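[1] After the sequence you'll find the predicted model.
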Amino acid sequence: MIQPSRLSLLDRSRTREGEPDDAALVAAVARGALAEQLGFDRFWVAEHHGVPGIAGAAPAVLLAAVAARTTTIRLGSAGVMLPHHQPLVVAEQFATLSAFAPGRIDLGLGRSRGFTAPVRRALRETEHDFAADLAELRAFLTGTAEITLHPQPAGAVPLHVLATGSGLQVAAELGLPVIVGGPVLGVAGDPGPGLEALAGYRRAFRPSEQQPEPRVSISLDVLVADTAAEAADLLLPEAWAMARSRTEGAFPALEPVSAVRAASRTPRQQQYLEQTAAAAIAGTPAQVEGRLAQLLERTGAAELVASSSTFDRDALAASDAALAVIFGARLS
């Protein structure tokens, strides 16, 4: 068992071929309730706009639905994309959420742009100072802004930064915890640059009232099955969707493993498929436990945020349950 690291799930409300979008949202709420039963520490949802394969466009609304089905698990956004919103509105939304789930709400913030140019136009995207917006948002939530937030948060609403290179610097300056993934982790290649970026965050960290010490969470796809071959199959739907998005410009709904195997693909698509699979951790419980233990030790992470998805929802639920066992989570 991996202890004492915390364990979270990130559900991006991935749609499935042949299903309406709302099925993905209903399934996300059910997954959050199951995560609580399995002993996960946190359940995160994401924000995407105009992406065909993702139904999660309104994190605060989705979290309210998950809050209604749960009582103890922490709930958060990973994340709200701050360039799309006014800091006051985000603060009001999450203060309202805290009224329904006092002491259970986390606000993860990022700055990714819209998926396509039309989406960016629809979001009225303009240049933003991410650090200034973060500071303004924190002031609203902590009662230090020039106007008083209503409703007042029911307890603290901790902020987290979804960070890459420059995001790590902003988080360090503001004294906030970070959630990192992708190249920073070095799962599929040389971890050197990523580890140096994390070391830089820790060196530059300025203690804050919320976070007296630097804190790192790592996010990646983690899938567990009875055999390594079965786990590799579970990775295929997401990896294929990523390959298609990079070569066709559209991020599609998840397809069954059989359809992915039968699909013709270009050499470039095959390369992207393999790269996405290599950046994940999949295998038997023993294999996953070993690789995660190494990654957590190498990064010094306090929390794993498993962002796993696959077409088969039952297989995904079984993977979540197996991951909870690896982390020694207790059934509630």
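    Sure, I can see it.

[2] got the residue ranges for the strands in the stretch 51-200 of the chain?
    With DSSP state E, counting those that start in this stretch as the criterion, the stretch 51-200 of the chain has strands at 74-81, 105-110, 159-162, 178-181.

[3] Go through those and name the closest to residue 20.
    Closest approach to residue 20 among those (C-beta to C-beta): strand 74-81, 23.7 Å. Yep, even glycine has a C-beta here, placed from its N, CA and C like the rest.

[4] where along the protein do the helices fall?
    Taking DSSP state H to define them, one finds helices in the chain at 21-38, 59-69, 87-100, 117-122, 130-142, 165-174, 192-204, 228-248, 257-262, 267-278, 285-299, 313-326.

[5] Distance to residue 298, mean pLDDT and mean neighbour count added to the strands of the stretch 51-200 of the chain, as a markdown table?
    As requested, those are exported to a markdown table (distance: least, C-beta to C-beta, whole Å; pLDDT from 0 to 100; neighbours: other C-beta atoms under 10 Å):
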| stretch | distance to residue 298 | mean pLDDT | mean neighbour count |
| --- | --- | --- | --- |
| strand 74-81 | 21 | 96 | 25 |
| strand 105-110 | 23 | 97 | 26 |
| strand 159-162 | 20 | 97 | 26 |
| strand 178-181 | 12 | 94 | 26 |
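
[6] need those in JSON lines with distance to residue 120, can you?
    Shown next, in JSON lines, are the strands of the stretch 51-200 of the chain (distance: least, C-beta to C-beta, whole Å):
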{"stretch": "strand 74-81", "distance to residue 120": "11"}
{"stretch": "strand 105-110", "distance to residue 120": "15"}
{"stretch": "strand 159-162", "distance to residue 120": "18"}
{"stretch": "strand 178-181", "distance to residue 120": "23"}
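
[7] remind me which residues of the stretch 1-150 of the chain are low pLDDT?
    Under the criterion pLDDT under 70, the flagged ranges of the stretch 1-150 of the chain are 3-4.

[8] Farthest out from the centre of the chain, which residue is that? Tell me.
    Relative to the C-alpha centroid of the chain, counting by C-alpha atoms, centre = their mean, residue 146 is the outermost residue, at 31.9 Å.

[9] Tell me which of the helices of the chain sits nearest to residue 50.
    For residue 50, the closest of the helices of the chain is helix 117-122, at 4.0 Å, according to C-beta to C-beta.

[10] Buried ones in the closest one, by neighbour count?
    Buried residues in helix 117-122, counted by 16 or more other C-beta atoms under 10 Å: 119-120.

[11] Residues contacting it, please?
    49-50, 113-114 (C-beta atoms under 8 Å, 6 or more residues apart in numbering).

[12] Could you do stretch 317-330 as well?
    Outside stretch 317-330, the residues that touch it by C-beta under 8 Å, 6+ apart are 1-3, 5, 7, 9, 31, 34-35, 38-40, 222-225, 231, 234, 285, 288-289, 292, 304, 306, 308, 310.

[13] So for it, what gets flagged as buried?
    317-324, 326-327, 329.

[14] Present the helices of the chain as CSV; the columns should include distance to residue 214.
    Shown next, in CSV, are the helices of the chain (distance: least, C-beta to C-beta, whole Å):
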stretch, distance to residue 214
helix 21-38, 26
helix 59-69, 25
helix 87-100, 23
helix 117-122, 32
helix 130-142, 16
helix 165-174, 7
helix 192-204, 5
helix 228-248, 30
helix 257-262, 40
helix 267-278, 28
helix 285-299, 12
helix 313-326, 25
